[in-house]
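# Here you go, sequence then predicted model.
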Amino acid sequence: MKKIYLGVLALYMGILASHAQTTQPVKDTTNYQSRKLKLDEVNFVSAYYHQNGNHSAVTGGIGTENLTDFANTLDVQLSKLTNSGHKNTFLFELGVDHYTSASSDKIDPNSISSASRQDTRVYPSLNWTNSDEKTGNAFGFTGSYSHEYDYQSRGFGFNLTRVSKNKNTQFDLKATAFLDTWTVILPVELRPATYGSGSHQDPRPVDYKPRNSFSAAFSLSQVISTRLQALFIVEPSYQHGLLATDYQRVYFNNNFATGVGPFNDIFNERIENLPASRYKLPIGLRLNYFLDDHFIIRTFYRYYMDNWGIRAHTAEIEVPIKFTSFVSVSPFYRYTNQQGTRYFAPYGQHSVGETYYTSDYDLSTLTSNFVGLNLRLAPPKGVFGIQQLNTLELRYGHYMRSTGLNSDILTLALKFK
C-alpha cells in the first residue's frame, strides 16, 4: 500500500546521515551549552499482504475475499536537549498504503471496475515527547491524519510515562481520539435513483456520516528478576457513529424483510445494520523470560470483550534465538478463539424481525492460527557494510482461519542511525 521507493529512500537517508555527521557544535565560552536538533534514527517498514477466502461481506457472506495490500511507513526521529536536562523528541511518520480488493469490486458488479476496487491511503502523523533524562518520566502529544477514497480521519493523542526511582517499574498512559467522516457508498441495486455511486465522475449527491473513536491504553511493566519481565495492559475504547459498512449486503430467509435502510424485495436483501455505539475492553499480559545469552521466551495472552457479544482469547509465543550478538531468528505462533457477535448470521439465514444484522465473518465465531519467522541482522559495522544501516529485519507470517480465510504477509524493516 505504501509506495516509497528504496532507491530514493536510500539517497534521502544518505543525505540525512551526511548532514548529521558534518554538523559541528558551536563553541561558547559562557556557561551556556548550545543544544542542536539532531537526527536519532530513521525507520522504514515495507509489507506485502495477500489473502484468499470465500466469505466476502460485500456480497452477503459468499464470494471472493481476494485482496492484496502493499504498505510502507517511514518515520524520522529527531531530538534536542534542553539546558534543564530534558529531551524533546520529535517523531514524524508517513504511511502510504495501496490495496486491490476483488470483493469491493462487487459493490457495482455491472461496471467494468467500481471506484473502490483499488485505493491508496495516505496517513501522516507527528508526535512530540518531552522526557526527563534522569528520571525517565515523559509526556507528549500526537496529531495524525488519514485519507482514502471513502473516508477521512483526524487523530489526536496524549502519552504519559512514569518510572520508579529504581527503574524497575514503569507506568504508561496513551489516550487517542479519531474523528472520522465516511462517504456512504451503497450497493448498486440498493441505491435510490438520484443517489450517486461515490465516484468522482458521478455528480449525483451521496451522504456523509461520522464515526468517532476514543481509546486509552494503561500499561504497567515490572522487572521481576534479572531474567523475568512482565507487562500488564488494559485498553478500553468507545466508538460512536456509522459502525456498519453500508456497501456490505445482508440476505434474509424470506421475501418480506423490514427495518431501517435500503431494501430490495427482488433480491431479498438489505445493507448491513449494526448499533451506532460500541464498547471494547481488551486485557493483556506479556511475560519475557531471558533463558540465557542465546534464548529469550516471549509470551502474550489477551482477553477481549465488547457490548456486541464478542469474546476472544489470544495466546502467542515467540522465541528469539541468538546465533551471534548481531544475528538472530525468532519463530512465533499465535492462536485465537473467538465467540462471534449475536448480530451475525451466514448468507440467507437472517430473520426479518432482527434489528441488527451482518454477514461479515470477521464478527463470527472462529478460530485462527498465525505462524511465522523473523530474521534480524544488526552487525556492529552496519548491514552489508553500510555504517548508517543499523538493523535489518525480515518477517514472514502465514494466517489460517476456520472460516476458510488464508493470508500471507512479508515485512521488511530497516533502521538507520
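Right, received. Where do you want to start?
# okay but Ser237 is in contact with Phe214, surely?
Yes: counting by Cβ atoms under 8 Å, Ser237 does reach Phe214; the two are 6.6 Å apart. For the C-beta atoms, the positions are set from N, CA and C on the backbone; glycine is no exception.
# Quick one: the helices in the protein, in order.
Per DSSP state H, the chain carries helices over the ranges 6-22.
# okay, the residue lying closest to Ile224 once chain neighbours are set aside: pLDDT?
Leaving aside its chain neighbours, Ile224 sits nearest to Ala230 (5.8 Å; criterion: Cβ to Cβ, 6 or more residues apart in numbering). pLDDT for Ala230: 98.
# So what sits opposite Ala230 in the bridge?
Gln222, Leu287 (DSSP bridges).
# so it sits right up against Gly284, yeah?
No: in this structure, Ala230 is not within contact of Gly284 by Cβ under 8 Å, at 11.1 Å.
# Looking at the two, which is more packed in?
Gly284 (18 against 14; other Cβ atoms under 10 Å).
# For beta bridges, what are the partners of the residue nearest to the more buried one when sequence neighbours are not counted?
Excluding the flanking residues, the one nearest Gly284 by Cβ to Cβ, 6+ apart is Arg302, at 4.0 Å. Note on Arg302: beta-bridge partners by DSSP bridges are Gly284, Thr314.
# ok, so what distance separates Arg302 from Asn337?
Distance from Arg302 to Asn337, counting by Cβ to Cβ, to the nearest Å: 11 Å.
# Just list the residues touching the residue lying closest to Gly348 once chain neighbours are set aside, thanks.
Spatial nearest neighbour of Gly348, excluding adjacent residues (Cβ to Cβ, 6+ apart): Tyr251 at 4.7 Å. Residues near Tyr251 by Cβ atoms under 8 Å, 6 or more residues apart in numbering: Gly60, Gly61, Phe267, Asn268, Glu269, Tyr347, Gly348, His350, Ser359.
# Narrow the residues you listed to those that are buried.
Gly60, Gly61, Asn268, Glu269, Tyr347, Gly348, His350, Ser359 (16 or more other Cβ atoms under 10 Å).
# Name the nearest of those relative to Tyr49.
Taking Cβ to Cβ as the measure, Tyr49 sits nearest to Gly61 out of the buried ones among the contacts of Tyr251, at 22.1 Å.
# that older thread, mind listing which of the buried ones among the contacts of Tyr251 are in strands?
Glu269 (DSSP state E).
# In TSV: the buried ones among the contacts of Tyr251, plus distance to Leu375 and pLDDT.
TSV is the format used below for the buried ones among the contacts of Tyr251 (distance: Cβ to Cβ, whole Å; pLDDT from 0 to 100):
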residue	distance to Leu375	pLDDT
Gly60	41	93
Gly61	38	94
Asn268	51	85
Glu269	47	89
Tyr347	42	94
Gly348	46	93
His350	46	94
Ser359	39	97
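# Distance to His50 added to the buried ones among the contacts of Tyr251, as CSV?
Listed next are the buried ones among the contacts of Tyr251 as CSV, based on distance: Cβ to Cβ, whole Å:
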residue, distance to His50
Gly60, 23
Gly61, 21
Asn268, 33
Glu269, 29
Tyr347, 24
Gly348, 29
His350, 31
Ser359, 23
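# so which of the buried ones among the contacts of Tyr251 comes closest to Phe332?
Ranked by distance to Phe332 (Cβ to Cβ), the buried ones among the contacts of Tyr251 are led by Gly61 at 30.9 Å.
# Next, find the distance separating the closest one from Val163.
Per Cβ to Cβ, Gly61 is found 49 Å from Val163.
# More neighbours: which of Arg302 and Asn337?
Per other Cβ under 10 Å, whichever of Arg302 and Asn337 has more neighbours is Arg302, with 18 against 14.
# distance of the more buried one from Asp246?
Taking Cβ to Cβ as the measure, Arg302 falls 30 Å from Asp246.
# With Ala217 instead?
For Ala217, the distance to Asp246 (Cβ to Cβ) stands at 30 Å.
# These two - which one has more neighbours?
Just comparing Ala217 and Asp246: by other Cβ under 10 Å the higher neighbour count belongs to Asp246, 22 against 17.
# tell me the contacts of that one?
Counting by Cβ under 8 Å, 6+ apart, Asp246 makes contact with Val184, Ile185, Leu186, Gly261, Ile271, Glu272.
# Over to Lys80?
By Cβ under 8 Å, 6+ apart, the residues touching Lys80 are Arg35, Lys36, Leu37, Lys38, Lys87, Asn88, Phe90.
# With that, I have no additional questions.
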